[in-house]
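Peer 1: Sequence first, then the predicted structure, then my questions.
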Amino acid sequence: MDISINTPALLFPAVSLVLLAYTNRFLALSNRVRSLHDKYLINPTPNKSIHQQIKNLRYRLKLIKNMQTFGVLTFITSIFCIFFIYIDQMIVANVFFALGLISFIISLFLSLLEIRLSNKAIEIELSDMEGLEDPSVIDYLKSKFE
């Protein structure tokens, strides 16, 4: 495959938007950590819900850190790819482009995991409300058509 200098440059806008989204997720998470910390300081007695949320948040923070790391790695490998295209080293450029794509895929996969964990965090938050049932998607759709 022959790539031009524009090919890796196409990743820049996509990676920029993804990193912006990751930063927003991190900021929302940090606000949640601060509010849980305040709740814990007010009432330091063990609360299963808060402990589960803290465990979930710690794991999500690690995921976001790795998402951001692989996103930045995508930028770096794309820049190296452009450099090696510029000095006409196409084999090395192709390797760096492939590495950039792989790191972008890993970043997006970690983002998917973090999104799933954020849904779990909401379920933990709602778990202390009795009588609320979580219908399956099929049950929900059936109720809409009945």
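Peer 2: Nice, thanks for sending it over. Residues are numbered from 1 along each chain as shown.
Peer 1: CA only for contacts and neighbour counts going forward, please
Peer 2: Will do.
Peer 1: Any stretches of this protein with poor pLDDT?
Peer 2: 1, 46, 128-137, 140, 144, 146 (pLDDT under 70).
Peer 1: Now with 80, please.
Peer 2: 1-2, 37, 39-40, 43-53, 121, 123-146 (pLDDT under 80).
Peer 1: Nearest the middle, which residue of it would you pick?
Peer 2: Centroid check for the chain by CA atoms, centre = their mean gives S111 as the closest residue, at 2.6 Å.
Peer 1: ok, that one to V18 distance?
Peer 2: According to CA to CA, to the nearest Å, S111 stands 9 Å off from V18.
Peer 1: For the protein, just list every one of the helices.
Peer 2: 6-9, 11-42, 48-86, 90-126, 137-145 (DSSP state H).
Peer 1: Can you point out the buried residues in the shortest one?
Peer 2: The one in question is helix 6-9. P8 (16 or more other CA atoms under 10 Å).
Peer 1: what's the offset of that helix from the middle of its chain?
Peer 2: Between the centre of helix 6-9 and the centre of its chain there are 24 Å (CA atoms, centre = their mean, to the nearest Å).
Peer 1: what comes into contact with that helix?
Peer 2: If you take CA atoms under 8 Å, 6 or more residues apart in numbering as the criterion, helix 6-9 is touched by 78-79, 81-82, 97.
Peer 1: How about I106, nearest residue that isn't a chain neighbour?
Peer 2: Leaving aside its sequence neighbours, I106 sits nearest to F70 (CA to CA, 6 or more residues apart in numbering; 6.9 Å).
Peer 1: What distance do you get for the one you found to T45?
Peer 2: Taking CA to CA, one finds F70 at 39 Å from T45.
Peer 1: surely the residue nearest to the centre of the chain meets K62?
Peer 2: No: counting by CA atoms under 8 Å, S111 does not reach K62; the two are 11.2 Å apart.
Peer 1: before we move on, the earlier item: using TSV, lay out the contacts of helix 6-9 together with neighbour count and distance to I3.
Peer 2: Listed next are the contacts of helix 6-9 as TSV, based on neighbours: other CA atoms under 10 Å; distance: CA to CA, whole Å:
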residue	neighbour count	distance to I3
S78	26	12
I79	20	14
C81	29	10
I82	25	10
F97	23	9
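Peer 1: Closest one to V33 out of those residues, please.
Peer 2: S78 (34.1 Å; CA to CA).
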